[in-house]
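# Quick check, what structure comes out for this input:
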Amino acid sequence: SPIKGLSIDYILGVDTYAQVGQNYIRPYPYLAQASLGANLYPQGYAATGNNSVFQLNTDLNIGYEYDLSENFKLNALAGYSYQFFRSDYSVAQGQNLSPFIETVTGAASTTVQASYGLDRFNLSGYFAQATIGYRNLAFLTGAVRRDQSSKFSPEVTNQFYPKVSGSLVVSDLGFWKNASFSKAFNSLKLRASYGEAGNLSGVGSYSRFYQFTPVAYLGKNTLLPGAQLANPLVRPERMAEIEGGVDLSFINNRVGLSVTLYDQQIKDLVVNRALAPSSGGTSIVNNVGTMENKGIEVVLDLVPVKLKNFSWDITAIFNSNRNKVLSLGSPAIS
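Prediction:
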């Protein structure tokens, strides 16, 4: 807090670990008599695997509070977040082990297989938000966020999401405090909001690319094209939600009731879509169709017992959601 009203928070977190796994199945000494199936590795099996994971999270938040006048107060917030993930996985395995050898080095060269998996991606976002409050009665908030993900192409990765919300504390108005029911009916707050959000991690790190697999053929290294077609312009899913609710409290705040209604409209659903083989592949990651969620959430808080040294709280929650697919998009490529 370098000056009055200004706060700066910076958080850095690192999560990293490594894993090593080994597997050994000894050869069966009475192979001819046992007639074991090949899936039981009667001539022995050995494998070793290594996995290394590194994840970094960093957040910078800057807040500022300022009294615009006696009745109006401004609360502003801006920030930046960044996430990075890296995973390296390798495994080697083989069969038909030499006597007394318990590692892959003792396997027959024709059975040795090795594989390697790599995953790297990053997510980042800027945001800014401002709230103007009038006394303790009314609040209006506006915000915007820009998100970016390496999982999507540069042409589509920069996504902007707006937000606006407002609330009114009816029980703090003058007429309420003088009303006869104010003691039993303690508070009433109305609220409404609209916001948009996206799913920037809903696809694989390399799903938009045309991928190849190295395959040995006649002693040579070759590349086998994947069956999934490339789609460099696949976009993040996008959701727009409108929400309204009311918060009530009764009997000296011993009973609380919160009711929320919401309507979510989701477009550009990301789906691994099946294709006819005549298209050159069997699937493609694509934006297909729209969907909606409509529902209600009810939270009831009770305090049956409240003594000086003992209290008993009860919370009951009810929610109902109706999900409906509105469209499935145009026909697949054929």
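# following the worst-scoring helix or strand of the chain on mean pLDDT, which helix or strand comes up?
Lowest on mean pLDDT, DSSP states H and E among the helices and strands of the chain sits helix 31-34, with a mean of 63. Sequence order places strand 45-67 as the next helix or strand after helix 31-34, per DSSP states H and E.
# Neighbours of the nearest residue to residue 83 once chain neighbours are set aside, how many?
Counting by CB to CB, 6 or more residues apart in numbering, residue 83 lies nearest to residue 123, which is 4.5 Å off, once chain neighbours are set aside. Where C-beta positions appear, they are placed from N, C-alpha and C, glycine not excepted. Look at residue 123: counted by other CB atoms under 10 Å, it has 18 neighbours.
# got it, and residue 198?
Neighbour tally, residue 198, other CB under 10 Å: 20.
# do you know how far the closest residue to residue 305 other than its chain neighbours is from residue 302?
Closest residue in space to residue 305, ignoring its immediate chain neighbours: residue 312 at 4.1 Å, by CB to CB, 6+ apart. Residue 312 sits 9 Å away from residue 302, going by CB to CB, to the nearest Å.
# of these two, who's got more company?
The residue with more neighbours, out of residue 312 and residue 302, is residue 302; 15 against 10, by other CB under 10 Å.
# Kindly state the beta-bridge partners for residue 224.
Counting by DSSP bridges, residue 224 forms beta bridges with residue 213.
# please begin residue numbering at 841 from this point
Will do, 841 is the new start, and the previous item becomes residue 1064.
# pretty sure it is touching residue 1055, no?
Yes - using CB atoms under 8 Å, residue 1064 is in contact with residue 1055, at 4.6 Å.
# Spit out the contact partners of residue 913.
905, 906, 907, 972, 973 (CB atoms under 8 Å, 6 or more residues apart in numbering).
# Which of these sits closest to residue 1168?
residue 972 (43.0 Å; CB to CB).
# isn't the closest one right up against residue 914?
Yes - with contact defined as CB under 8 Å, residue 972 counts as touching residue 914 (5.8 Å).
# okay, and the common contacts of these two?
residue 908.
# So what's the residue count around residue 885?
Using other CB under 10 Å, residue 885 has 20 neighbouring residues.
# ugh, wrong one, I meant residue 1113
Residue 1113: 19 surrounding residues under other CB under 10 Å.
# And the one 4 residues further on, by the same measure?
Burial of residue 1117 is recorded as 9 neighbouring residues (other CB under 10 Å).
# In terms of pLDDT, where does the residue nearest to residue 1007 when sequence neighbours are not counted sit?
The shortest distance from residue 1007 to any non-neighbouring residue, by CB to CB, 6+ apart, is to residue 1031 (4.1 Å). Note on residue 1031: pLDDT of 97.
# And residue 1031, its phi and psi?
Backbone geometry at residue 1031, expressed as degrees, to the nearest 10, gives phi -150, psi 150.
# check contacts around residue 884.
Residue 884 touches 865, 866, 867, 935, 936, 937, 946, 947, counting by CB under 8 Å, 6+ apart.
# What's the PyMOL line that selects buried ones from the residues you listed?
A single PyMOL command selects the buried members of the contacts of residue 884 (16 or more other CB atoms under 10 Å):
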select buried, resi 865+867+935+936+937+946+947
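# Columns secondary structure and pLDDT on top of the contacts of residue 884, output as CSV?
CSV is the format used below for those (DSSP: H, G, I helix; E, B strand; the rest coil; pLDDT from 0 to 100):
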residue, secondary structure, pLDDT
865, strand, 90
866, coil, 89
867, coil, 87
935, strand, 91
936, coil, 90
937, coil, 92
946, helix, 91
947, coil, 92
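# May I see the contacts of residue 884 organised as CSV, with distance to residue 879 added?
As requested, those are arranged in CSV below (distance: CB to CB, whole Å):
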residue, distance to residue 879
865, 11
866, 16
867, 15
935, 11
936, 14
937, 16
946, 20
947, 16
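# With respect to residue 977, which of the contacts of residue 884 is nearest?
Of the contacts of residue 884, the one sitting nearest to residue 977 (CB to CB) turns out to be residue 865, at 73.0 Å.
# Can you check the pLDDT for the one residue sitting closest to the centre of the chain?
Centroid check for the chain by CA atoms, centre = their mean gives residue 1041 as the closest residue, at 6.5 Å. pLDDT for residue 1041: 85.
# Residue 983 now?
In this model, residue 983 is scored at 97, pLDDT.
# how many other residues sit next to it?
For residue 983, the number of neighbouring residues by other CB under 10 Å comes to 17.
# Name the residues of the helix or strand containing it that are buried.
According to DSSP H and E, residue 983 maps onto strand 978-989. The neighbour-count check on strand 978-989 (16+ other CB under 10 Å) flags 978, 979, 981, 983, 985, 987, 988, 989 as buried.
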